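> Here is my input, please return the structure:
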Amino acid sequence: MTEMTKKYIKKQCLKHDLYSTPELNTILYLHYQGFEKIENLDEYTEIKCLFIQNNAISIIENLDKCKNLRNIVIEHNMLNKITGLESLTELDGLNVGHNYINKISGLKNCTKLQNLNLEHNRVSTVEHVQGLLECPSITTLNLTSNNINDAKVLDIIYKLPNLRVLYLKDNPILKTITNYRKNTIYHCKKLKYLDDRPIFDDERRLVNAWYKNGREGEKLERIKMNNEKRLKTEERLQKFQEMLERGRNSRISEENENDSSNSSSGKDEEKKTNNLNMDFIVNDEIVPMLDSDINDCKNSDIGEDKEIIIIKDRRNNNVVDDDDDDVLKDKIIYNNDNGQIFNNVSKNYIKKTIDTETLTDNNDNGYFNNSTLPPIRKRINIRPILIEEIEELD
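Presented below is the predicted three-dimensional model:
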């Protein structure tokens, strides 16, 4: 067997990337080393977790200087009782599973102990579990695979005021006691998990009804719960429908407001465009125009029988589309070759016009019916300019 010397402990610290200075360590790994005795830990005053499982230790001792210990894992050893914890007042978790403990004791000073694992030990009678009452702070208790065959053990467990998790699987008592789960849930008011599944509020309600009025009370309570769930579902559905209705009403209101706003802005635009004329700036630059401004193409100032229409790109007085050259030779047709106006057009073509018979207004809103024009490739964006700018081009 291996002796737990200071040198060996330091070696284990370095192996697990811990500090060689004992008091700097807050965790210590001494598992699977074959130790028979706990010793030489006086310098490790700051450790909070001690992992010493899978050794051959028969007694818990020599931990008086480790007063900051919060968790001890000492399972799979040779313990037959719980001792040596008197100075560990900060202890929160103790795992002594897979040992030979037949009596729970030595927990009186562990006032903060919450998790106690005693699975696979030799606890069997009510006398063996009396020590649990010395530690009312326990919230999680694991007594799986012991030899508990005394129903009075449950009476001791029921007295733990803070118990929330309980494991009693694989004990003989569960084969003999009737309604074990219901009785345990009823007596342990804070219990949230029992053996293999959690305890929900619905199950606790049914258990309380069963304990007070038997199976008939449980049946009535189940009907009541189903009705409550149905009413809650209907209430949620009603709220959802109301939300949808509010959304629809809100959208309708917004649409009405937008229609009113568009109507008023349309009138303002009509007044504004009376002072605008559709034409092009000729100064050796490409001038892209906004597509929405095509609505303003119509201009009555040019003449009652004339219309300014959109320019087609000419380079050196040549029409881009050769097929249209004869038709467009003396007319200002718009550029739809690539969506931009090439302003190297001769000035004498800028004020050319075309009869309204060729280009007609189709809806009195400034749109033109281009069905009478020669084939075009693509619309171009154009910008309206002031009438004064046209005069400067003459």
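> hey, let's count contacts and neighbours off CA atoms from now on
OK.
> Output the contacting helices and strands for the longest helix seen in the chain.
Ranked by residue count under DSSP state H, the longest helix found in the chain is helix 201-273. Applying 3 or more CA pairs under 8 Å, 6 or more residues apart in numbering; DSSP states H and E, one finds that helix 201-273 contacts helix 180-187.
> which other helices and strands contact the helix it packs on?
helix 152-158, helix 201-273.
> So what touches that helix?
Applying CA atoms under 8 Å, 6 or more residues apart in numbering, the contact partners of helix 180-187 are 154, 158, 174, 191, 194, 199, 204, 207-208, 211.
> Kindly report the same for stretch 65-80.
41-60, 87-102.
> which non-adjacent residue is nearest residue 9?
residue 30 (7.6 Å; CA to CA, 6 or more residues apart in numbering).
> is it true that that neighbour touches residue 14?
No. Judged on CA atoms under 8 Å, residue 30 makes no contact with residue 14 at a distance of 11.9 Å.
> Look at the two and report which has more neighbours.
The residue with more neighbours, out of residue 30 and residue 14, is residue 30; 20 against 11, by other CA atoms under 10 Å.
> what residues are up against the more buried one?
Residue 30 sits next to 9, 12, 50-53 when contact means CA under 8 Å, 6+ apart.
> any idea how far it lies from residue 72?
From residue 30 over to residue 72 the distance is 11 Å, taken as CA to CA, to the nearest Å.
> In space, what's closest to residue 96 - neighbours in sequence excluded?
residue 75 (4.5 Å).
> quick one: the one you found is in a helix?
No. Residue 75: not assigned to a helix; according to DSSP: H, G, I helix; E, B strand; the rest coil it is coil.
> hmm, back to that, among the contacts of residue 30, which are in strands?
Among these, the ones falling in strands (DSSP state E) are 50-51.
> In three-state terms, label residue 110 for me.
Per three-state DSSP, residue 110 ends up coil.
> Correct me if wrong: it contacts residue 90.
Yes. At 6.9 Å, residue 110 and residue 90 qualify as touching, with contact defined as CA under 8 Å.
> Looking at those two, which one has more neighbours?
More crowded of residue 110 and residue 90, by other CA under 10 Å: residue 110, with 22 against 17.
> Just give me the neighbour total for residue 15.
When neighbours are counted by other CA under 10 Å, residue 15 comes out with 11.
> got the contact list for it?
No contacts exist for residue 15 under CA under 8 Å, 6+ apart.
> For it, give its distance to residue 9.
Applying CA to CA, the value for residue 15 to residue 9 is 10 Å.
> for residue 28, same thing?
9 Å.
> Report the set of residues contacting both of these two.
Counting by CA under 8 Å, 6+ apart, residue 28 and residue 9 have no common neighbour.
> So which residues of this structure form helices?
6-15, 152-158, 173-176, 180-187, 201-273, 325-328, 387-393.
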